[in-house]
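**Q** Sequence and predicted structure, then a few things I'm wondering about:
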Amino acid sequence: MKLMPTADAAAIGYAVQLLRQGRLVAFPTETVYGLGADAANPDAVRRIFAAKGRPADHPLIVHIKDAEALTDWAAVVPDAAWKLAAHFWPGPLALILSKKPCVSMTVTGGQATVALRVPNHPLALGLLQAFDGGIAAPSANRFCRISPTQASHVVEELGDAVDLILDGGACQVGVESTIVDLSGGHPRLLRPGHITPFDIEAVLQTGLLMPVSAQSATLRAPGMMALHYAPTTVAMRCPTVDLPAGIQQLTTDGKRVGVLAYRHPLVASKRVHIIHVPEQADSYAQALYASLRELDGLQLDMILVEQPPETAAWQAINDRLRKATIAF
Ligand code: AMP
Ligand code: MG
């Protein structure tokens, strides 16, 4: 595995060369780091599944350079897709559309639909333009682990399973893209993200159906599985008012505790390691995965996560926390 700073002028050229050879290149996007391969090369795409340990029936998002490229991948591009693309791309929104027959089932996990997105990151866009094709890229972590938001996280997760990592610093958004399914009758949210249902409804001028629950989902959607983004340390969401008593009980039992707090003015002690994350939802999201990863690396007995509010601005964060933690 090779790590290259993105300031290195040779980095994109080398990345493109590797992609053309069917190799894996991890690169930053505004959401999280992606593990990229040539989306039109099924052998290359299979390498992604192998490197992540991800089941072959969990579809990947294909990253494209601009909205015009939609027609290379989608059999039908409904008006709603053009509208959302014009409004939010490049940006943290993936659209599910019915796939063209030429699109390999390897990248769609066996589905007749394909997920498409134009990422809003200068390096990702530079790479897509230079490559001039679709790049399949799920988050660059092992299956069910915390998504990487810094190049060093990708090194920890994948090591030599990835041929090149482009280091573009920390990701700005910090949680995975919003996913909207436009392949059926009515637009449906599949995964909440930085772009909210309210933002999308304002552009479409129509209501958005909400995700179906994991049990009834017919679509394979790894982001919908219980404990999908989880640390290895047991992690529990805890209401603000219950935090002091929760910590006290655990430390009295001799346990070492990590706390992810955004509001409670807790003070660290010998057995209590605290990370204070920002109180504003966007900044919290940016810090979330790096903070969970840091706590997870401390060999603690338990991680307590102060439960954020259940408002629209926190929807994506609460969704990821429900998949990373158990309830109090
Ligand atoms: P990841 O790339 O790890 O963030 O995960 C990709 C996500 O995209 C999965 O959670 C799926 O929910 C979604 N996805 C990708 N392709 C499709 C598809 N064809 N149909 C439904 N969901 C999809
Ligand atoms: Mg992922």
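**A** Received, thanks. Ligands and ions are numbered 1, 2, ... in the order given.

**Q** mind checking pLDDT for M1?
**A** On the pLDDT scale, M1 is placed at 81.

**Q** Number the residues from 6 up from this point.
**A** Renumbered: residue one is now 6, and that last one reads M6.

**Q** Next, the contact list for R298, please.
**A** I151, H158, E161, P236 (Cβ atoms under 8 Å, 6 or more residues apart in numbering). All C-beta spots, glycine's among them, are computed from the backbone N, C-alpha and C.

**Q** Name the nearest of the residues you listed relative to ligand 1.
**A** Using Cβ to the nearest ligand atom, I151 comes nearest to ligand 1 of the contacts of R298, at 11.8 Å.

**Q** The closest one touches T237, doesn't it?
**A** No: taking contacts as Cβ atoms under 8 Å, I151 lies outside contact range of T237: 9.3 Å.

**Q** circling back to that earlier point, neighbour count added to the contacts of R298, as CSV?
**A** Listed next are the contacts of R298 as CSV, based on neighbours: other Cβ atoms under 10 Å:
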residue, neighbour count
I151, 26
H158, 25
E161, 16
P236, 22
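
**Q** now do the same end-to-end measure for stretch 148-155.
**A** Using Cα to Cα, to the nearest Å, the end-to-end distance of stretch 148-155 comes out at 17 Å.

**Q** Would you indicate which residues of that stretch are buried?
**A** Judged by neighbour count using 16 or more other Cβ atoms under 10 Å, the buried positions of stretch 148-155 are F148, C149, R150, I151, S152, P153, T154, Q155.

**Q** picking up where we left off before, give me the common contacts of I151 and T237.
**A** Common contact partners of I151 and T237 (Cβ under 8 Å, 6+ apart): D301.

**Q** on that earlier part again, distance to I53, pLDDT and secondary structure for the contacts of R298 - can I get that in JSON lines?
**A** Below are these laid out as JSON lines (distance: Cβ to Cβ, whole Å; pLDDT from 0 to 100; DSSP: H, G, I helix; E, B strand; the rest coil):
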{"residue": "I151", "distance to I53": "18", "pLDDT": "96", "secondary structure": "coil"}
{"residue": "H158", "distance to I53": "17", "pLDDT": "98", "secondary structure": "helix"}
{"residue": "E161", "distance to I53": "18", "pLDDT": "97", "secondary structure": "helix"}
{"residue": "P236", "distance to I53": "23", "pLDDT": "92", "secondary structure": "coil"}
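
**Q** any idea whether the residue most central in space within the chain is helix, strand or coil?
**A** For the chain, the residue sitting closest to the mean C-alpha position, by Cα atoms, centre = their mean, is E181 at 2.8 Å. E181 falls in the coil class when you classify it by DSSP: H, G, I helix; E, B strand; the rest coil.

**Q** tally of neighbours for the closest residue to A317 other than its chain neighbours?
**A** Distance criterion Cβ to Cβ, 6 or more residues apart in numbering; nearest residue to A317, sequence neighbours excluded, is T201 at 5.6 Å. If you count neighbours by other Cβ atoms under 10 Å, T201 ends up with 17.

**Q** Please name the residues that touch T201.
**A** T183, A317, A318, Q320.

**Q** measure it to ligand 1 for me?
**A** Separation of T201 from ligand 1 (Cβ to the nearest ligand atom, to the nearest Å) stands at 18 Å.

**Q** For the residue nearest to the centre of the chain, which non-adjacent residue is closest in space?
**A** Once flanking residues are discounted, E181 sits nearest to T36: 5.3 Å by Cβ to Cβ, 6+ apart.

**Q** Could you look up the SS state of the one you found?
**A** T36 is classified as coil under three-state DSSP.
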